[in-house]
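> Okay, structure incoming, though there's no sequence with it:
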Ligand SMILES: CSCCC(=O)C(=O)COP(=O)(O)O
Ligand SMILES: [Mg+2]
């Protein structure tokens, strides 16, 4: 493998951190943030209004409750979370085995990339203000849904092309079977992670330690 492409929520980081810390923070501050940053948020609100007529702020709040992976919502959440990280309201949760695995692969010369529904700025914030400190030097690049939906093979083909590495030399890690199937569809290797130890290929990044994947 020349590169590892990783999902965030449910893979490097807990679902509970996203659902119980990040989403409530965005929900609580969304209306005030929009009011305080009209120029910055106007294009996002306009995009939301095209998708669903009505009050875009109300739509965005409902999308948070529905865990919609909508690109404009993810862009706005990233802007709001910047304040939370800056004030120390929270730090990005990363599983210790994910930190160790990322550090080990980086040291071994394997290029590391992120593909998450969270916006690229939100990804950089999470890894830059993580429990384990600033992990951004480990990563060679970041991708979000502006590249394409995570459940479509074409998105993974685009990422492989963008990083200049053949899909067969890229290993994708995710907790979502549909994303694993899409990565396979583009010719990538992929492993389903189930941190509850259920039906996944692996339960933590440690399970890849002695795998031929690292050869
Ligand atoms: C980039 S941190 C925020 C996580 C988030 O909003 C999200 O939707 C995560 O989805 P993922 O594709 O990483 O499972
Ligand atoms: Mg995920």
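Okay, I see it. All of these numbers come straight from a predicted model, not from anything done at the bench. Numbers count the residues shown, from 1 in each chain. Ligands and ions are numbered 1, 2, ... in the order given.
> How about the contacts made by residue 19?
residue 67 (CB atoms under 8 Å, 6 or more residues apart in numbering). Placement of C-beta: from N, CA and C, glycine included.
> Contact partners for residue 131?
Applying CB under 8 Å, 6+ apart, the residues contacting residue 131 are 91-94.
> Any of the residues you listed buried? List them.
Buried residues within the contacts of residue 131, defined by neighbour count using 16 or more other CB atoms under 10 Å: 91-94.
> returning to that earlier point: and of the contacts of residue 131, the nearest to residue 54?
residue 92 (33.0 Å; CB to CB).
> Next up, the contacts around the closest one.
13, 17, 85, 125-131.
> What residue, apart from its backbone neighbours, is nearest residue 126 spatially?
The shortest distance from residue 126 to any non-neighbouring residue, by CB to CB, 6 or more residues apart in numbering, is to residue 92 (3.6 Å).
> got the residues of the chain near ligand 2?
7, 9-10, 175 (CB under 5 Å from the ion).
> Turn the residues you listed into TSV, including secondary structure and pLDDT.
Shown next, in TSV, are those (DSSP: H, G, I helix; E, B strand; the rest coil; pLDDT from 0 to 100):
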residue	secondary structure	pLDDT
7	coil	98
9	strand	98
10	coil	98
175	coil	97
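> burial count for residue 86?
10 (other CB atoms under 10 Å).
> actually residue 33, not the one I wrote
The burial count for residue 33: 19, using other CB under 10 Å.
> re the thing from before, torsion angles phi and psi at the residue nearest to residue 126?
Backbone torsions of residue 92, given as degrees, to the nearest 10, read phi -70, psi 130.
> Pick out the residue in the protein sitting closest to ligand 1.
Nearest to ligand 1 in the chain, going by CB to the nearest ligand atom, is residue 118, at a distance of 2.2 Å.
> got a list of contacts for stretch 50-70?
19, 23, 26-27, 30-31, 34, 44-46, 48-49, 72-73, 76-77, 117, 145, 150.
> Tell me the secondary structure at the residue sitting furthest away from the middle of the chain.
What lies farthest from the middle of the chain is residue 54; by CA atoms, centre = their mean that is 28.8 Å. At residue 54 the chain is in coil, as set by DSSP: H, G, I helix; E, B strand; the rest coil.
> With that, I have no additional questions.
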